[in-house]
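with the sequence up front, the predicted model follows.
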Amino acid sequence: MSTVIDDHGHADHAHGPAKGLMRWVLTTNHKDIGTMYLWFAFTMFLLGGSFAMVIRAELFQPGLQIVEPAFFNQMTTMHGLIMVFGAVMPAFVGLANWMIPLMIGAPDMALPRMNNFSFWLLPAAFLLLVSTLFSPGGGPNFGWTFYAPLSTTYAPESVTFFIFAIHLMGISSIMGAINVVATILNLRAPGMTLMKMPLFVWTWLITAFLLIAVMPVLAGCVTMMLMDIHFGTSFFSAAGGGDPVLFQHVFWFFGHPEVYIMILPAFGAVSSIIPTFSRKPLFGYTSMVYATASIAFLSFIVWAHHMFVVGIPLVGELFFMYATLLIAVPTGVKVFNWVSTMWQGSLTFETPMLFAVAFVILFTIGGFSGLMLAIAPADFQYHDTYFVVAHFHYVLVPGAIFGIFASAYYWLPKWTGHMYDETLGKLHFWLSFVGMNMAFFPMHFVGLAGMPRRVPDYNLQFADFNMVSSIGAFMFGATQIFFLFIVIKCIRGGPPAPAKPWDGAEGLEWSVPSPAPYHTFTTPPEVK
Amino acid sequence: MAPGATEVSHAVFDLHMTIFWICVVIGIVVFGAMFWSMILHRRSTGQVAAKFHESTTVEILWTVVPLLILVAMAIPATKTLINIYDSTESDIDIQVTGYQWKWHYKYLGQDVEFFSNLATPAEQIHNQAVKGEHYLLEVDQPLVLPVGAKVRFLVTAADVIHSWWVPAFAVKRDAIPGFVNEAWTRVEKPGIYRGQCAELCGKDHGFMPIVVEVKSKADYDTWLGERKEEAAKLKELTSKEWTLEELVARGDKVYHTTCVACHQAEGQGLPPMFPALKGSPIAIGPKEDHLHRVYFGKPGTAMAAFGKQLSEVDIAAVVTYERNAWGNNKGDMVTPKDVLALKQAESK
Amino acid sequence: MADSIPLKRLVTRLLILVVAMFAFGFALVPIYDVMCKAFGINGKTAGQYEGEQMVDPTRQVRVQFLSTNAIDMVWEFHSKADEVVVNPGAVTEMLFVAYNPTDKAMTAQAVPSISPAEAAMYFHKTECFCFTQQVLQPGQRIEMPVRFIVDRDMPKDVKHLTLAYTLFDITARQPPVAANSGG
């Protein structure tokens, strides 16, 4: 292996990156595309976050101060859509692009040209989506779950653009997923058997299959909406013999696996990071793989737990309650495995480890509230309140977002060739940790006290907790601009990173120099 | 969460607390182990990492134990759920219909029905007045129930999906256009119970509260009797042929309860916030425009859309009154039928 | 990349999976319909019932009628009685009144729903105005029948049923024939 290469990231091979803008437009290099995905996701994270700031500013006090209810609904909708489809999913695809070939000893993704196309669909999709905010009648205002008929008969004109944007994102995700499956199944280095793959690769393989299974269903769902709105069909309209509840079944058939799409890759990354900083192999690798697979399987038969109050018959209600409770078992196995990995390790707490540990703790809290929500009679009280908002933010912010931060710090040295500033990284962690808990923990209380979600205004009894939430949210939001600064600082300079900056790390990605050369593993490594 | 006021809500509260404490105990064990190793197994304390990475016994144990806990939780949950679904043998049936953005209640077999609108004044919402204790949780006409009776709710909607939720009863049911859902309650003690719409239903989703007043059986019967009389009267009024004088006389009353606060007793208004009606271009212009303004309000101003708040008779009366009072003397009139026609046009 | 299947074949298979899942999204519509009818989800009722049943004189069931107008519907619409008591197996008729108070011809569609939903599959309609669309001329008033049988096999614990109709204005979608054509 060659040693550290020059500062500008130019590979010492004959085929370095092209110069100028066209490098990025036409690139088929997995590292370039991964980088673009990550930057795009971060941009969307800030945009979706700024919408969250508008929401929290309006909810800072009771009464209407900053925005009108109609615009407030557009903010909640766009915040959800952008965070789910624009920030979390592309960030994971970015990580997959960068890391999967490095982890399995492949020279690139299996379908590099399609890779380029699936990235460039995304800016188009989100430009289309965000532009609807400026259209007369406003952007989508029916929540990220866009229940019919609010999103069909009663929707603003811009709903058609929203549907096309969803289609573009869907195509992009599906192509990305096909690429991941093809890469993992076909491009593994000799000796890299399936059960030797790092867990990040495993979880992504399963995620990719989930994507391939459910994104087309979402596409079908919005296509039916489109037909209802423009071609006179009545899939979701009772007047024409359709059924609005059908929409919810189709949506959540996509929606529940989607939740796991946003968390499984984080499980994988954390399963690399915790052993590294515990200096101890991952506990229960095999059971981790099976747990992930069973979570993915169960995710297809629990969708109606999002619909306990729509009036499903008793047997249906019971079935979905039991199936949902079952998910706690494999999820529990994962948490126990992580804790056992740390047990009797030799622990250090660099920034990636801090985020990973917070991930385990806070995700478990989100899991607890998930367990409570699974109990159907209790769900009648929780459903569509701030308790649910607290639940899914506890799963998604420390789950998906902290998982992404942990991965970013963990692999930044590999990407940039520099160590990030550890002090600033830790500061970023603590500010995020405190801000996040301050923002979302009080939501449990207001939810249990009876505050519905998606309201721009509330009774005075909820005022104090909402103010705390808002302050926490502002803190969390501002901290992420600080993260941008840390990353830029790391790209521009810093102590040079060795090929393997973490002494406890395992895996092929640490066998190439830092920063990783433009082309790696052009001859496959031998895995013993 | 509060225990609430019904047998079901107590059962749900108990479930909630049971599972909460189970989670707390699991949390203490898991996080305890985690913090134990985070404190004692640090490299800085000279800890050398152990090498173990699996243990079939432990792994089976922590699959089976959670499974047993889950079964233990599922049993009481199932019992409660079966009880919630048993809506037979009700004493009173009430149809609850969700509208953008208000609730409609109909006492089946009693000829009593009414809309229940948010009663919080706009000034409080826009921070121009001090907010009351029941800010956003108050309505003009609450749903009234007798204590101790089994009440069955038949929940549906007229436009989009809403969700009827009163936390103290542990009742939350989606109101879905074209379909009817059931729920029931039996309230144990009299009082006023408050809830809100729980399903995003458009712009004013946050402004359609639910208030239920639970009275003793005798008070309830009195109330129902009064409502029946009123209902019979209103029905008569909508279908009858009105004269100008009758409409003006009725409109006088409506004006002085609904409009007078802003537009003032002599129609002089309080410019510039609240324009005068006396001699105003709207009030002496074409009557269609006038009706339109009262019916739909003027967006961006304090003028509300009264089409959703007043009956056809009252709208017709108040518009007719405004066109003929204070020297406006137009001599024309708007009838309840004109209001009905507008209602139809609105849907197009 | 030892013994894996060729890339082209793998991608083709994945694409077939994508197309299949897209089709599955649409297939959920009929699947859902079948499930609804089989389990009475959502209180959906089946179409016209052709069978006949023996009357069960030992049992009585309350059938309650609800009539709701969708938001944009201005017709007067109600049943002639709020409820009836029937014997399972017997054919019962109920008349609904509809009146168009406007000065335009309009088309309406009534959508039925049964509660409790579990009972929907035991409620058979031999005739219903909801099977067709209704056109009313300005000021026209009609009486529309629904004839139904409550199945003898309906579980004993169901003692009352609610048949709810929601009336939707579908004039825009199905313009009525003009008044002078005598429709």
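On my side now, so go ahead.

quick one: secondary structure of whichever residue of the stretch 151-300 of chain A sits closest to chain C?
In the stretch 151-300 of chain A, no residue comes nearer to chain C than residue A:220, which is 2.4 Å away by Cβ to the nearest Cβ. Where you see a C-beta, it was placed from the backbone N, CA and C, and this is true even at glycine. At residue A:220 the chain is in helix, as set by DSSP: H, G, I helix; E, B strand; the rest coil.

what sits against it?
By Cβ atoms under 8 Å, 6 or more residues apart in numbering or on different chains, the contact set of residue A:220 is A:250, C:22, C:23, C:24, C:25, C:26, C:28.

element containing residue C:144?
strand C:141-150 (DSSP states H and E).

again, but for residue A:356
With DSSP H and E as the criterion, residue A:356 is inside helix A:351-374.

show me what that helix is packed up against.
Applying 3 or more Cβ pairs under 8 Å, 6 or more residues apart in numbering or on different chains; DSSP states H and E, one finds that helix A:351-374 makes contact with helix A:264-278, helix A:314-342, helix A:376-382, helix A:386-395, helix A:402-416, helix A:422-449, helix B:7-40.

chain C is nearest to which of the ones you listed?
Nearest to chain C among the helices and strands packed on helix A:351-374 is helix A:314-342; the distance by Cβ to the nearest Cβ comes to 7.0 Å.

and the closest one, how far out from the chain's middle?
Centroid displacement of helix A:314-342 relative to its chain, using Cα atoms, centre = their mean, to the nearest Å, is 20 Å.

ditto for stretch B:76-93
23 Å.

same thing with stretch A:101-108?
With Cα atoms, centre = their mean, you get 23 Å for stretch A:101-108.

and the end-to-end length of it?
In stretch A:101-108, first residue to last residue: 6 Å (Cα to Cα, to the nearest Å).

residues of chain C that sit close to chain A?
C:1-2, C:4-5, C:7, C:10-11, C:14-15, C:17-26, C:28-29, C:32, C:36, C:39-42, C:44, C:70, C:109, C:111, C:117-118, C:166, C:168, C:170, C:173 (Cβ under 8 Å from any Cβ of the partner chain).

distance check, the closest residue to residue A:111 other than its chain neighbours against residue B:92.
Spatial nearest neighbour of residue A:111, excluding adjacent residues (Cβ to Cβ, 6 or more residues apart in numbering or on different chains): residue A:179 at 4.9 Å. Between residue A:179 and residue B:92 the computed distance is 61 Å (Cβ to Cβ, to the nearest Å).

who has more neighbours, those two?
Neighbours per residue (other Cβ atoms under 10 Å in any protein chain shown) separate residue A:179 from residue B:92, with residue A:179 holding more: 26 against 18.

need the contact list for that one.
A:109, A:110, A:111, A:114, A:115, A:118.

let's see it at 7 Å
A:109, A:110, A:111, A:114, A:115 (Cβ atoms under 7 Å, 6 or more residues apart in numbering or on different chains).

show me where the stretch 201-348 of chain B has strands.
B:209-215 (DSSP state E, counting those that start in this stretch).

near chain A, which residues of it are found?
Taking Cβ under 7 Å from any Cβ of the partner chain as the contact definition, the stretch 201-348 of chain B meets chain A at B:201, B:202, B:203, B:204, B:205, B:206.

between the residues you listed, which is closest to residue B:325?
Closest approach between those and residue B:325, by Cβ to Cβ: residue B:204, at 31.7 Å.

how about the residues of chain B that lie near chain C?
By the rule Cβ under 7 Å from any Cβ, the part of chain B lying against chain C is B:87-89, B:93, B:95, B:97, B:99, B:108-109, B:154, B:156, B:158-159, B:177-182, B:340-341, B:343-344, B:347.

now which of those residues would you call buried?
Buried subset of those (neighbour count, 16 or more other Cβ atoms under 10 Å in any protein chain shown): B:87, B:93, B:95, B:97, B:99, B:108, B:154, B:156, B:158-159, B:177-182, B:340-341, B:343-344.

and the residues of chain B next to chain C, which of them are in strands?
Counted as lying in strands by DSSP state E, out of the residues of chain B next to chain C, are B:93, B:95, B:97, B:99, B:154, B:156, B:181, B:182.

excluding chain neighbours, what is closest to the fifth one?
The reference is to residue B:154. residue B:95 (4.8 Å).

likewise for the fourth one?
In space, and not counting its chain neighbours, residue B:99 is closest to residue B:158: 5.2 Å by Cβ to Cβ, 6+ apart.

so that neighbour sits against residue B:176, correct?
No: assessed by Cβ atoms under 7 Å, residue B:158 is found out of contact with residue B:176, at 10.7 Å.

how close does the spatially most central residue of chain A get to residue A:42?
For chain A, the residue sitting closest to the mean C-alpha position, by Cα atoms, centre = their mean, is residue A:88 at 2.9 Å. Look at residue A:88 and residue A:42: by Cβ to Cβ, they are 11 Å apart.

what is in contact with the two at once?
If you check residue A:88 and residue A:42 against Cβ under 7 Å, 6+ apart, no residue is contacted by both.

distance between the helix holding residue A:356 and the chain's centre?
Relative to its parent chain, helix A:351-374 has a centroid offset of 15 Å by Cα atoms, centre = their mean.

would you mark the buried spots in that helix?
Within helix A:351-374, the residues that qualify as buried by neighbour count (16+ other Cβ under 10 Å) are A:351-374.

picking that back up, just the buried ones out of the residues of chain C next to chain A, please.
Buried members of the residues of chain C next to chain A, scored by 16+ other Cβ under 10 Å, are C:1, C:7, C:10-11, C:14, C:17-18, C:21-22, C:24-26, C:28-29, C:32, C:36, C:39-42, C:44, C:70, C:109, C:111, C:117-118, C:166, C:168, C:170.

out of those residues, which sit inside strands?
Mapping those onto strands (DSSP E) picks out C:109, C:111, C:166, C:168.

want to throw those residues into a markdown table with distance to residue A:504 and pLDDT?
Converted to a markdown table, these look like this (distance: Cβ to Cβ, whole Å; pLDDT from 0 to 100):
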| residue | distance to residue A:504 | pLDDT |
| --- | --- | --- |
| C:109 | 68 | 90 |
| C:111 | 64 | 89 |
| C:166 | 64 | 91 |
| C:168 | 66 | 89 |
